[in-house]
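Engineer: Generate a structure from the sequence data that follows.
(one chain, ligands or ions: 2)
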Amino acid sequence: MPEIYGEKTGLKKTIIENLEQLYEYTVPFGQTITDELAQAMGAIAEQLNKEIAVYINRRGNVVQVAVGDTKTVSLPETDGRRALNRLSGIRCIHTHPGGDSQLSSVDLASLKKMRFDIMVALAVRENILEFSLGFISGHCPDSYEVQTAGPLSLAEFVQIDLNYLTNQIEQLLEAKDVSSTIVQTEKALLVGIERQGEWDVSDSLSELAQLAETAGAEVAGSVWQKRSRADAALYIGRGKVQEISLIRQELGVTIIIFDDELSPAQQRNLEQALGVKVIDRSALILDIFAQRARSHEGKLQVELAQLKYNLPRLGGQGLVLSRLGGGIGTRGPGETKLEVDRRRIRTRISDIEKAIENLKAHRSLHRERRQASEIPTIALVGYTNAGKSSLLNKLTDAEVLAEDKLFATLDPTTRRTKLPGGQEILLTDTVGFIQKLPHQLIAAFRGTLEEVVQADLLLHVIDASHPQFEKQSIAVYQVLKELGADTKPVITVFNKIDKIDNEFVTERMLRQADSIAVSAVAGTHIDKLLAMIEGTIKAKSIDARLIIPYDDSGFMAKLYAVATVNSVEYQAEGIYVSASLSPEYWERFKKYVVGDE
Ligand SMILES: Nc1nc2c(ncn2[C@@H]2O[C@H](COP(=O)(O)OP(=O)(O)OP(=O)(O)O)[C@@H](O)[C@H]2O)c(=O)[nH]1
Ligand SMILES: [Mg+2]
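Structural biologist: Ligands and ions are numbered 1, 2, ... in the order given. Take a look at the predicted model:
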């Protein structure tokens, strides 16, 4: 027999029976209440001068019926241990005797304490049912912020899309945490569309799968559709959405990841239609960056990119509520909250921008000092996982983290090393690129990517063993172009040749000008690469003959550090040197220069 909780003494048998019958009701998924359940509760509210509460889970089953105010409830552990940024998965619908549905402070306190999906009070005023609801709308220090709406008529209350509302609330709670892990431990379904003239959809989706796994999700499957362009409202066709909805249930998917950036409206519509969290490639990449950021500057840059991405997407539930608000002739409470949120985010954005600007100024001071010392700077760029960090390690004996993961490197590392002729160079390892890199990220990382823009030479590292290396290379040039660094001198480094067994492939690659095939791991052709770097830097420099007097004894050491010394002869008048100098040093050492070669 289903149990009725709370203070039952003195209740009439018929009432107890009516209460027990409440367990029989079920509510369709995503719906707040049914007409029948509402009427049954209303009837009891009229007979009984006490509150009664019905607790319903997300499947729509009544899990508990209790008598007494909502403060006294202690719910059974209904849905396992849910994370603090999740709602309990239970809604509370209770009666208010006396005809006023307005939520009391006790109601709101138990809403926060129990993290109900929604807290609803129902009252009967002049034979008509009215409803008020409250829900969590954000964090505040050690508690939650709540919002209320109502009174609403039964028709208005039934119209609320509960699934959408709870999704929005949970997203809002998660967004609070900058290094949010929206995808971790989720079971993901991937969705893409095949368009002409783009990456093959299966290649793009397998890259998306790698991204999802890097973020910590388990990939349950992927689906795609061929279409000339994305649907404005749903990205894919309506029939495909239904198909995905079935697959989702079958596979127990908890998140759906789309392979392109979705518009805020598309995302909202898809979430509503699919009843599950929907994110896009950009959000996924931002999530990985958030997990990976280590340095202060890196974290700021990621937060900035996330805020800019989220700003236009705020307020899903605001819309739900303004619609409600419109219906009852008041201003939607969600709307004001939304304005406050937007303002708060804009303030935070400008604070971070200032902080990043400061760090950038600091960094460029460093760079200026380095430039004044006229050591050539070389930046390693390339698709993520191409082997940039491995190559830096090989070239400089550095110990930068290199792993078989996407976006292993976020913060730039600069190391000093010597070319075979003795000339010193600075090598900088940078964050990897990817196709469809969110533009908010490129903008936010402009500070650290400044190293690329300022470099004298770029080493474009390509994973030559990757089936898509050519398309990856095009994607890299697109990002370089966006940074304004696409016209710099470049050496194309085809890496991982130890993994290619077809020498014709390697040969074909090397037809590209200024290119070389290496293996950063096996160390193949690293010496050739260094010689090539030397040659490229030299091409920019002037071959000169100098006579250095014996009394300027420190000069030779200086010359060795900044130039390539080709020959040295000790003569009576001084040291005869032939060396390759940058135009700046040629100018500076002009007093000893006796001729060009
Ligand atoms: N077989 C082989 N593997 C390599 C070679 N170079 C790098 N790798 C491997 O490729 C993976 C990625 O290397 P990283 O150096 O981290 O690549 P990255 O370009 O710095 O990647 P991100 O920082 O994530 O953009 C690692 O597992 C390396 O061990 C190579 O020449 N041969
Ligand atoms: Mg790296």
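Engineer: helix/strand/coil for the closest residue to residue 348 other than its chain neighbours?
Structural biologist: Counting by CB to CB, 6 or more residues apart in numbering, residue 348 lies nearest to residue 307, which is 6.1 Å off, once chain neighbours are set aside. All C-beta spots, glycine's among them, are computed from the backbone N, C-alpha and C. Using DSSP: H, G, I helix; E, B strand; the rest coil, the structure places residue 307 in helix.
Engineer: Residue 307: what's it in contact with?
Structural biologist: Shown in contact with residue 307 (CB atoms under 8 Å, 6 or more residues apart in numbering): 345, 348, 349, 352.
Engineer: So which of these is the closest to ligand 2?
Structural biologist: residue 352 (24.4 Å; CB to the ion).
Engineer: Give the next helix or strand downstream of the host helix or strand of the closest one.
Structural biologist: In this assignment (DSSP states H and E), residue 352 forms part of helix 333-372. Downstream of helix 333-372, the next assigned helix or strand under DSSP H and E is strand 377-382.
Engineer: near ligand 2 at all, that following strand?
Structural biologist: No: against ligand 2, strand 377-382 shows no contacts by CB under 5 Å from the ion, the least distance being 8.4 Å.
Engineer: and that strand, what other elements does it pack with?
Structural biologist: helix 388-396, strand 424-429, helix 446-454, strand 457-463, helix 469-483 (3 or more CB pairs under 8 Å, 6 or more residues apart in numbering; DSSP states H and E).
Engineer: contacts for the fourth one?
Structural biologist: Defining contact as CB under 8 Å, 6+ apart, one finds that strand 457-463 is touched by 376-383, 385-388, 391, 452, 469, 472-473, 476, 480, 485, 488-496, 529, 533, 536-537.
Engineer: same check, this time on the longest one
Structural biologist: Outside helix 469-483, the residues within contact range by CB under 8 Å, 6+ apart are 199, 203, 381-383, 386, 433-435, 437, 439, 442, 446, 449, 452-453, 458, 460, 462-463, 466, 486, 488, 492, 494.
Engineer: Tell me the helix or strand right after that helix.
Structural biologist: Following helix 469-483 toward the C-terminus (DSSP H and E): strand 490-495.
Engineer: again, but for the first one
Structural biologist: Toward the C-terminal end, the helix or strand that comes next after helix 388-396 (DSSP H and E) is strand 413-418.
Engineer: which parts of that following strand are buried?
Structural biologist: Buried positions in strand 413-418, judged by neighbour count with 16 or more other CB atoms under 10 Å: 413, 414, 415, 417.
Engineer: my guess is the second one contacts residue 454, does it?
Structural biologist: No: between residue 414 and residue 454 no contact is recorded; they are 11.3 Å apart, counting by CB atoms under 8 Å.
Engineer: Now the common contact residues for these two.
Structural biologist: Common neighbours of residue 414 and residue 454 (CB under 8 Å, 6+ apart) are residue 377.
Engineer: Give me the residue at the spatial middle of the protein.
Structural biologist: Here the mean C-alpha position of the chain is nearest to the C-alpha of residue 286 (CA atoms, centre = their mean), at a distance of 1.6 Å.
Engineer: Give the burial count for the closest residue to that residue other than its chain neighbours, as a bare number.
Structural biologist: For residue 286, ignoring the flanking residues on the chain, the nearest one in space by CB to CB, 6+ apart is residue 306 at 5.2 Å. Counted with other CB atoms under 10 Å, residues neighbouring residue 306 total 24.
Engineer: next one: residue 158
Structural biologist: Other residues close to residue 158 by other CB under 10 Å number 17.
Engineer: I figured it hits residue 31, correct?
Structural biologist: Yes: judged on CB under 8 Å, residue 158 makes contact with residue 31 at a distance of 6.7 Å.
Engineer: quick one on the thing from earlier: looking at the helices and strands packed on strand 377-382, spot the one closest to ligand 1.
Structural biologist: Taking CB to the nearest ligand atom, helix 388-396 is the member of these nearest to ligand 1, at 3.3 Å.
Engineer: Before I go, just wanted to say thanks for your time.
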